[in-house]
Each structure stands twice: as C-alpha cells, then as structure tokens.
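Student: Using only what follows, build the 3D model:
(2 chains)
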Amino acid sequence: MSDWASAFTWGRDEAELVSELQAGSETAFDWLVTHYHAPVYNLILSMLGDTSDAADGTQEVFLKAFRGIRKFRHGSSLKTWLYRIAIREALNHKRWFKRHLQKNVSIDAEVEEGHAAIEIEDLGATPFEQLASREIQVAVQQALQEVPDVFRSAVILRDLEDLSYEEVAEVLECSVGTVKSRILRGRRALKQVLEPLLSEPAPRNLSSGSAQETGESVQANDLGAPIESHLSFGGAHTAANGVQDS
Amino acid sequence: MKCTTVQSKLAGYLDDALTNTTSASERVQVGEHLQGCAPCRAELQRFRKLAVLLSRVPKNVAPPDLAVRIKVAAAQAQTSEGWAAHLRRFRDRADLIIDHVFRPLTVPATGGVFSAIVVFVLVLQLMAPGITVQAVPNDVPLTILRPAELVTLSDYPQSFSAEQHEPELSLPQGLQIYVTVDDRGQMSDYEILSGPASPELRRQLDQILLFSRFTPMTSFGRAIPGGHVILNFNAVRVRG
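Tutor: Below you'll find the predicted structure:
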C-alpha cells in the first residue's frame, strides 16, 4: 500500500521537485504548500502587519508560483524564488492600499489590524532581559510598520529570516551593496522607533563614578559581550557600583 | 573621528560582513573613539540591544487551515485553464485516486469498472480532501475523501517525566508538526516542519502524539491510512 507521506519527500532533490512542478504535478505543489506556507506567511505578515492580508497574500504567492513555475531559473533556490514573489506581493499590496484608501489619511496613521496595539513607551518600563517573546514580537512588528518598505524588507530578510547577503540580493533583485545600505538604514529607523526599549533607564544609585558610564556598564549578560572583547570599558567603574560585568 | 561620523557607522559596526562598507582602518578609528566617548558607547549599546531583540522575535504562526485553503484555491484556479493542462492533472489525479482510493476498496480491474473509474475522475473537479464536490451543476454534492482530524491531544503522562522541568517549554519560533494518521486513528509517523528539533523535544512529541487520538481519513466512509494533520504549537507543557 503506497503511503501519502513517502510520495511527498522531495527534501533531497530540489531539481526533481522543480521538474515535477513544471510538469503540473499536484502532489509536488501540495508538498510545496505544506512546507513553505508557514515561512511565506511569516514573511508577508512581517511586511504588512495584518494577519488577514498576510493569509491572502500567501495564497496569491503560491498561485503565482504555480502559474509562473516555467520561468523558474535553475540556478536559484526555491526558497529565494518564493520569497521574491512574496516580497513583490507585499510591496504591491502596500502600493494599492496607499493609492486607493489613503487619500486623506497621513501615512503615519496606518493602524495595525489583527494585533492588539501596544505602546512601545510602556514596554520601556520592563527591564530589557525580562521582555516576553510575545511583547517583543508585537513591539518589533509595530515598529517595522514605521520603517519604509524597501528598508523594512532588507532588515526582515537579513535580521529576522537570517538569509545571507547574496540571498537577500536575489530576493530583492538588487546588488549586495544596495542590500547592505538598505539594512543599515532600516536598522537606524527601527532603533529610533524602538528607542524606549533600547535605552537604559536612569540608574537609581548614583555612586562616585560618572553617572553615564556606570549607567551603561550595568549591562545584563544577554547583550552578547563576547562580540566586543576589545571594547573593554567599565572594569574600574563597576566596582564602585557593586555590579559584576560579564 | 567625530561623534557624528562614528554614530553614522554604528548600525553596521557589530556585523562582520558589513565592514567592507567601512574599511578596516575606519573600524579601528571607530573602536578608538568608542573607548573614550560614553555617548557613542551608549548608542552602540542601543544597536546591540536591537540586534538581540531582533534575534528573539518569534516566528508568526500561520492559521492552521491556511495550507488547505491554498490547495483548494489552486485546484479551483486550475479548472479555468486549457485542456492540455487539464489532461496532465487528470492523469496525475487518476494515479492518486487509483492508488489511494480504489485500491483500498479492492475494486477489480475489469474493463467495465475501469471505464467507470475514468468517468469518475474526469468529473472530479477538486482533489482537496474534505471539500464537497458537485459532479454536474444540478447533482447532489458528495464527499469522496474526508480528511483526518485531531480528536484529542494527550496530556504528557506524569509517569513518563523523569526530571523536573520548567512548567512550560516555550517555543518562540512556533512548532509545526505534519502528522500521518493510520486507519485506526493513531499517529503512524510525524515530521517536524518547522521549529526546534532537539532529541528531547522529539521524545516529548513521541509521547504526546502516541497517546493522542485522531479520526482517520475516510474514503466513501471507510477508514484508510495516509491521512494528514498539521499541528501548530506555541508551547509545550511538561508536568514534572
């Protein structure tokens, strides 16, 4: 008795899956949907910030993929190809929205549906390392909506999806240099919106050292201190504050 | 180097790969400036926290029925295409139906029955499971395939947990499992589509899924193996 599941394992040979898709195989398409609908949905939701738009967009992506599979270039990977269609879909959605529904509303006033909106300032009261996953998700999601499209996509693909610079360039159809510059600008914009979460709250006990320097050496261990071993500041100052630096 | 220059370079300072937008000697200069400048250090800390924040963003979990909706939509879109594409798909579906629907019913392969199968297939517009199909516009809708479904997810049995664990194992990235259900409504196999795949998690999943109950996929009302259910988890609770 043949097993549905074994018919669906194409994990090893992507070229074979592509051929099957180009031949119009429905089982191949089903496999593609099963295995990629979640990351595509995640990507589009990060771009658009609305769950029903993301669901509709994901569906469009796969329909377009199936229709356009014959144009698939046998150099690139299915993942970057699907992501490319997804980003295009997300960007087009935004343009349509702006053109048709935002005649009198300022762009800044876009309200996010499908999520409870939070005040980013409120989250600033929580110590950074105690932020819950859900709070981080909502805060970053909201902040992303305030970053211009082209920079947002670069940051999402690189910093949230962990694509390589070359993969991001393939998805965004631009040079690696452009990708890097967009990522930098996206991060700067994000940092500005998320400022309340990223800044140090004022230290309560001002000891003899300068307030600013002791303030920032009160860093928790989560900040990836190993990255900057040559930036060894705060050693003498932490003693005054009684806080161990990592 | 002045603060304004340094701060313009901080967004990429922590990434190794972005340093070719900043030359090596520039990087050294930035590092030296940072050692003596508290405000710029504070700015760098904000970028560092941003990086940590972004690395901790959990994946959005797709609605559980999204995959099926897409497949249905695709199948519906196909009906508006030309005959060549139609023929390809009909052949594809005929194979599937013969393998998975008619063989379990042990239909004898005589000529007369075979032509009945062909007619059935030609007339079947949608192959998505669980969707009612209308053979011709005025006909009675009939369900050929009913998909497998989850009945209950078992609690992690207390007697099996050897150590004290945290009450909840949170899964910031979500966990998506593709479960194969046999004809008795039990899990016969599963695959982790996305999410962590540690051996410990697999062991927990083995237990949970082993004691969970599903309704099997049915064709013409008879249970057959090979049904599938996609489960999305946000957290796994362990009783300890």
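Student: Could you use CA atoms for every contact and neighbour count after this?
Tutor: Noted.
Student: care to break chain B down by domain?
Tutor: Using automatic domain parsing, the domain ranges for chain B come out as B:3-55, B:66-146, B:149-237.
Student: swap in chain A?
Tutor: A:8-111, A:115-202.
Student: I'd like the ones you listed as TSV, with distance to chain B appended.
Tutor: Below are the domains of chain A laid out as TSV (distance: least, CA to the nearest CA, whole Å):
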stretch	distance to chain B
domain A:8-111	5
domain A:115-202	5
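Student: pLDDT score for the nearest residue to residue A:134 once chain neighbours are set aside?
Tutor: Spatially, and ignoring its direct neighbours in sequence, residue A:134 is nearest to residue B:58 (7.5 Å; CA to CA, 6 or more residues apart in numbering or on different chains). pLDDT for residue B:58: 91.
Student: To which secondary structure element is residue B:58 assigned?
Tutor: Using DSSP states H and E, residue B:58 maps to neither a helix nor a strand.
Student: And it, its phi and psi?
Tutor: Backbone torsions of residue B:58, given as degrees, to the nearest 10, read phi -70, psi 160.
Student: for residue A:169, what are its contacts?
Tutor: A:175, A:176, A:179 (CA atoms under 8 Å, 6 or more residues apart in numbering or on different chains).
Student: Do you know the pLDDT at residue 113?
Tutor: No chain in the question, so chain A it is. Looking at residue A:113, the pLDDT reads 44.
Student: should've been chain B
Tutor: 43.
Student: returning to what we had before: and the domains of chain B, which one averages the lowest pLDDT?
Tutor: Among the domains of chain B, domain B:66-146 scores lowest, at a mean of 56.
Student: sorry, back to before: among the domains of chain A, which is nearest residue B:6?
Tutor: domain A:115-202 (13.4 Å; CA to CA).
Student: Can you report how many residues lie near residue A:46?
Tutor: 26 (other CA atoms under 10 Å in any protein chain shown).
Student: Can you name the element that comes right after the helix or strand in which it is found?
Tutor: Per DSSP H and E, residue A:46 falls inside helix A:26-48. Downstream of helix A:26-48, the first helix or strand assigned by DSSP H and E is helix A:51-68.
Student: hang on, residue A:139 packs against residue A:120?
Tutor: Yes: with contact defined as CA atoms under 8 Å, residue A:139 counts as touching residue A:120 (6.3 Å).
Student: any shared contact partners between the two?
Tutor: residue A:194.
Student: CA atoms only for the helix ranked longest in chain B, dumped as PDB, please.
Tutor: With secondary structure taken from DSSP state H, chain B has its longest helix at helix B:38-55. Below are the C-alpha coordinates for helix B:38-55, written out as PDB (Å, rounded to 0.1, in the frame of the first residue of the first chain):
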ATOM      1  CA  ALA B  38      30.400  57.500  26.600                       C
ATOM      2  CA  PRO B  39      27.500  58.800  24.500                       C
ATOM      3  CA  CYS B  40      28.700  56.900  21.400                       C
ATOM      4  CA  ARG B  41      29.200  53.800  23.500                       C
ATOM      5  CA  ALA B  42      25.600  54.200  24.700                       C
ATOM      6  CA  GLU B  43      24.500  54.500  21.100                       C
ATOM      7  CA  LEU B  44      26.300  51.300  20.200                       C
ATOM      8  CA  GLN B  45      24.600  49.600  23.200                       C
ATOM      9  CA  ARG B  46      21.300  50.500  21.700                       C
ATOM     10  CA  PHE B  47      22.300  48.900  18.400                       C
ATOM     11  CA  ARG B  48      23.500  45.800  20.300                       C
ATOM     12  CA  LYS B  49      20.200  45.600  22.100                       C
ATOM     13  CA  LEU B  50      18.300  46.000  18.800                       C
ATOM     14  CA  ALA B  51      20.300  43.000  17.400                       C
ATOM     15  CA  VAL B  52      19.400  40.900  20.500                       C
ATOM     16  CA  LEU B  53      15.700  42.000  20.200                       C
ATOM     17  CA  LEU B  54      15.500  41.000  16.500                       C
ATOM     18  CA  SER B  55      17.100  37.700  17.200                       C
END
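Student: how deep is the nearest residue to residue A:70 once chain neighbours are set aside tucked in, by neighbour count?
Tutor: Leaving aside its chain neighbours, residue A:70 sits nearest to residue A:22 (5.6 Å; criterion: CA to CA, 6+ apart). Applying other CA under 10 Å, we find 18 residues neighbouring residue A:22.
Student: Next, residue A:175: phi, psi?
Tutor: Backbone torsions of residue A:175, given as degrees, to the nearest 10, read phi -80, psi 160.
Student: need the contact list for it.
Tutor: So residue A:175 contacts residue A:169 (CA under 8 Å, 6+ apart).
Student: now residue A:69
Tutor: A:18, A:21, A:22.
Student: Give me the mean pLDDT for the helix or strand hosting the second one.
Tutor: Taking DSSP H and E as the definition, one finds residue A:21 inside helix A:14-22. In this model, helix A:14-22 carries a mean pLDDT of 87.
Student: Run through the neighbouring helices and strands of it.
Tutor: If you count contacts as 3 or more CA pairs under 8 Å, 6 or more residues apart in numbering or on different chains; DSSP states H and E, helix A:14-22 packs onto helix A:26-48.
Student: quick check: angle from the helix it packs on to helix A:14-22?
Tutor: 100 degrees (axes from the mean of the first three to the mean of the last three CA atoms, to 10 degrees).
Student: Need the contact partners of helix A:26-48.
Tutor: Contacts of helix A:26-48 (CA under 8 Å, 6+ apart): A:7-9, A:17, A:20-21, A:51, A:53-55, A:57-58, A:62, A:66, A:82-83, A:86-87, A:90, A:94, A:141, A:144-145, A:149, A:152-153, A:156, B:59-62, B:66-67, B:70-71, B:89, B:92-93, B:193.
Student: make it 7 Å
Tutor: Under the criterion CA atoms under 7 Å, 6 or more residues apart in numbering or on different chains, residues A:8, A:17, A:20-21, A:51, A:54-55, A:57-58, A:83, A:86, A:90, A:141, A:153, B:59-62, B:67, B:71, B:193 lie in contact with helix A:26-48.
Student: now swap in stretch B:201-214 and tell me
Tutor: Against stretch B:201-214 from outside (CA under 7 Å, 6+ apart): B:148, B:149, B:150, B:151, B:152, B:153, B:154, B:155, B:156, B:185, B:186, B:187.
Student: send the alpha carbons of it over as CSV?
Tutor: This file holds the C-alpha atoms of stretch B:201-214, laid out as CSV (Å, rounded to 0.1, in the frame of the first residue of the first chain):
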residue,chain,number,x,y,z
LEU,B,201,11.6,17.6,22.2
ARG,B,202,11.2,14.6,19.9
ARG,B,203,10.8,12.3,22.9
GLN,B,204,8.1,14.6,24.3
LEU,B,205,6.4,14.7,21.0
ASP,B,206,6.6,10.9,20.6
GLN,B,207,4.8,10.6,23.9
ILE,B,208,2.2,13.2,23.2
LEU,B,209,1.4,12.1,19.7
LEU,B,210,1.4,8.4,20.7
PHE,B,211,-1.4,8.9,23.2
SER,B,212,-3.3,11.4,21.1
ARG,B,213,-6.3,10.3,19.1
PHE,B,214,-7.3,11.3,15.6
